[in-house]
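Trainee: Sharing a model that was predicted from the sequence below.
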Amino acid sequence: MSKLRVCVWHEFVHEKKNQTVKELYPDGMHTVIAEGLREYDADAFEVSTATLQEPEHGLTEERLAEIDVLLWWGHCAHGDVSDEVVDRVQRRVLQGMGLIVLHSGHFAKIFKRLLGTSCALKWREAGERERLWVCNPGHPIVEGIGECIELEQTEMYGEPFGIPSPDEQIFISWFEGGEVFRSGCTWFRGNGRIFYFRPGHETYPIYYNEDVRKVLGNAVKWAAPQGNWAGAMDAPNVPVEKAPEPITAKGGSLHEAGQAGFR
């Protein structure tokens, strides 16, 4: 069986500007996330990385066509992401590519585009304790996870979270300061699967946590393409002679024969 082609995308900015982040992730968070996925199942995953600084952010048409599941981490450079690249990623998700959005990626252009809402939330950076409670224990994303994941130091995200109601709720977080948050949610868009996973603030070693790594590995398998809608995305006109059953054209026509485009 062929491997799932996984790409970890990262803006790769904080590691170059903040000493704490640089010490935790000297080669970038994307390399640590990718390492965790390889350790999770090297036989099942072919893992690569891409960053904001690469030409076309490392997500050319050709590269995206070869990605089955894309993980996305962004924070301070959402506005620097090209709208053209966002268009490409959206199209691939609708065709069937899985998308896993991490932590502050809730404000990424692609996430807000696909969800159609503000994706705004409350936050506080105080190194407080968090418990991510599993609220859907039969879901494949939490396979091998106990009742909760406990993180000793993390950034608080709090409700209300400006998202559409999730298709599936996987985790709910409680924070030391008392807030709660929908920290693991899924949606289906077109033929693609989307998972948002909240943990991952850059000044804490969260992507080294074994349970967090297990969730990401599980999520990649869950988000794997379920077929491909590539042809349907082009919305082609079907000429009379190519109809499944014989018909006779009747009435007037607005479009030229064979014309492609959305109706």
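Mentor: Here it is on my side, so go on. Predicted model, so just to flag it, every value in this text is computed and none were measured.
Trainee: okay, CA-based contacts and neighbour counts for the rest of this
Mentor: OK.
Trainee: Tell me what the spatially most central residue of the chain is bridged to.
Mentor: The centre of the chain sits closest to Ile100, judged by Cα atoms, centre = their mean, with a distance of 2.2 Å. Beta-bridge pairing for Ile100 (DSSP bridges): Leu71, Phe195.
Trainee: quick one: it from Asn18, how far?
Mentor: Taking Cα to Cα, to the nearest Å as the criterion, Ile100 is separated from Asn18 by 25 Å.
Trainee: give me every residue that touches Ile67.
Mentor: Neighbouring residues of Ile67 by Cα atoms under 8 Å, 6 or more residues apart in numbering: Arg5, Val6, Cys7, Met97.
Trainee: ok, and the most crowded of these?
Mentor: By neighbour count, taken as other Cα atoms under 10 Å, the most surrounded of those turns out to be Met97 (30 neighbours).
Trainee: Quick check on that one: phi, psi?
Mentor: phi -70, psi 140 (degrees, to the nearest 10).
Trainee: what do you get for Arg182?
Mentor: Given degrees, to the nearest 10, the pair of backbone angles that Arg182 has is phi -80, psi 90.
Trainee: Next up, the contacts around it.
Mentor: For Arg182, the residues meeting the contact criterion (Cα under 8 Å, 6+ apart) are Glu159, Phe161, Gln169, Phe171, Ile172, Ser173.
Trainee: For the closest residue to Pro26 other than its chain neighbours, identify the helix or strand it belongs to.
Mentor: Closest residue to Pro26 apart from its sequence neighbours, by Cα to Cα, 6 or more residues apart in numbering: Glu15 at 6.8 Å. If you go by DSSP states H and E, Glu15 is part of helix 14-17.
Trainee: For ChimeraX, write the selection for the buried entries among the contacts of Arg182.
Mentor: Here is the ChimeraX command that picks out the buried ones among these, judged by 16 or more other Cα atoms under 10 Å:
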select :161,169,171,172,173
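Trainee: is it possible to export the contacts of Arg182 to a markdown table including secondary structure and pLDDT?
Mentor: As requested, the contacts of Arg182 are arranged in a markdown table below (DSSP: H, G, I helix; E, B strand; the rest coil; pLDDT from 0 to 100):
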| residue | secondary structure | pLDDT |
| --- | --- | --- |
| Glu159 | coil | 98 |
| Phe161 | coil | 98 |
| Gln169 | strand | 98 |
| Phe171 | strand | 98 |
| Ile172 | strand | 98 |
| Ser173 | strand | 98 |
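Trainee: Which one of the contacts of Arg182 is nearest to Ala42?
Mentor: Using Cα to Cα, Phe171 is the member of the contacts of Arg182 that lies nearest Ala42, at 26.2 Å.
Trainee: That closest one contacts Trp133, correct?
Mentor: Yes. When contacts are counted by Cα atoms under 8 Å, Phe171 is listed as touching Trp133 (5.4 Å).
Trainee: what's the neighbour count on Glu241?
Mentor: Around Glu241 there are 11 other residues, counting by other Cα under 10 Å.
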